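Chemist: how does the following fold in three dimensions:
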Amino acid sequence: MAVDSKGRVIYSLGDPRAVTFWRSAAKPLQALPLVEEGGIEYFGLTAQELAVICSSHGGEEEHVQAVTSILRKTGLTEDALKCGPAAPMNGSVARSLLRNNMPFLPVHNPCSGKHAGMLALCQLKGWPVKGYYQADHPVQQAILKAISETANYRQADIKLGIDGCGVPVHFLPIFNMAIAFSSLSQPPETAGASRKRALQKICDAMTSNPFFVAGTNCLDTVLMEITGGRLVAKLGSESVYCVGLKNNGMALCLKIEDGGYRALAPAVIQALVKLGWLTEEEARQIRSKLRLTITNHRGETIGSLDASEAFYK
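Modeler: Below you'll find the predicted structure:
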């Protein structure tokens, strides 16, 4: 479903009030307290480092370097990360580590950038690093407040679970997720000056450094690269997907009901074409980059992944 800058539904397929866990699609808003409190300037973080704080990165060398740089600038080491070790999402990197008998580390975790940002907020505010991932810790309370305000959804109504990387994950309607991405793509006039600056800084960092938001041939990165940063996009686990039209305030949130990823890219691409946010040529380039083709054992192309006819209407 999609909303305009006034929060009105402009496109819907299925139930726009369906409720689900926001997962990693919330990361740009989870970064908001650090940015709004001046943490980027205080620690001298780059736009690439801010983008990786918002990322679900592939564990490529540049991603790992950005995460370790954030930790170094905030006076911490990799031992502070409590996201848990994980295989890099980039298959080539994961296979290379295995071939060289090297372990998967917390810094390879796709959420390590988010965790580094949370640790930076602790250092900035003088909060204890210990337990930063727990729901009652000040860093998680600050994030919950930012989620509530940007999504225009009562804090008391946001239920919490535990995400795969161990931090609280937020349960709310996909309509309100779209509202938050509307604010990210174009901060509302009702927001204060510091909130507007922070939202703009996050959006600019993501759209100017799309590789650091995901990685090589990932949907987020390809969407932002092909459109020249006209779209700001973020994937969440279980096929939650959020996109904002930069400097416009229109935003889309899509959820594949069974959580499968096979349908996600075709559905996102076709929805964006239908909304007029992607041209057919851009859509063709994105499909080509993502290799949405089906091949047989001889390597012959025998089909492609696309959205169903119902999605075109």
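Chemist: use CA for all of it now, contacts and neighbours both
Modeler: OK.
Chemist: now the strands for the stretch 51-200 of the chain?
Modeler: Ranges of strands in the stretch 51-200 of the chain, per DSSP state E, counting those that start in this stretch, are 159-162, 168-173.
Chemist: between those strands, which gets nearest to Thr295?
Modeler: Evaluated over the strands of the stretch 51-200 of the chain, closeness to Thr295 peaks at strand 168-173, with 37.1 Å, by Cα to Cα.
Chemist: the closest one pairs with which strands?
Modeler: Partners of strand 168-173 in the sheet, by DSSP bridges, are strand 19-21 (antiparallel), strand 159-162 (antiparallel).
Chemist: show me the shaky parts of this protein.
Modeler: For the chain, the stretches with pLDDT under 70 are 309-313.
Chemist: so what does the residue nearest the centre of it have for phi and psi?
Modeler: Per Cα atoms, centre = their mean, the C-alpha nearest to the average position across the chain is that of Lys234, at 3.4 Å. Phi and psi for Lys234, reported as degrees, to the nearest 10, are phi -150, psi 130.
Chemist: tell me the span between the first and last residue of stretch 233-248.
Modeler: With Cα to Cα, to the nearest Å as the measure, stretch 233-248 spans 14 Å from end to end.
Chemist: let me fix that, I meant to ask about stretch 250-263.
Modeler: One end of stretch 250-263 to the other measures 23 Å (Cα to Cα).
Chemist: quick one: it to chain centroid distance?
Modeler: Mean-position distance between stretch 250-263 and its chain equals 13 Å (Cα atoms, centre = their mean, to the nearest Å).
Chemist: mind putting the strands paired with strand 168-173 into TSV with mean neighbour count and distance to Val52?
Modeler: Below are those laid out as TSV (neighbours: other Cα atoms under 10 Å; distance: least, Cα to Cα, whole Å):
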stretch	mean neighbour count	distance to Val52
strand 19-21	18	21
strand 159-162	14	21
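Chemist: reformat those strands as TSV; add distance to Asn101.
Modeler: Converted to TSV, the strands paired with strand 168-173 look like this (distance: least, Cα to Cα, whole Å):
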stretch	distance to Asn101
strand 19-21	36
strand 159-162	31
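Chemist: the ones you listed: which one's closest to Pro188?
Modeler: strand 19-21 (23.9 Å).
Chemist: give me the longest helix you can find in the chain.
Modeler: Ranked by number of residues, the top helix in the chain under DSSP state H is helix 193-208.
Chemist: what sits up against the next helix or strand after it?
Modeler: Remark: after helix 193-208, the chain's next helix or strand is helix 219-226, criterion DSSP states H and E. Contacts to helix 219-226, defined as Cα atoms under 8 Å, 6 or more residues apart in numbering, come from residues 207, 210-215, 230-235, 265, 282, 285-286, 289-290.
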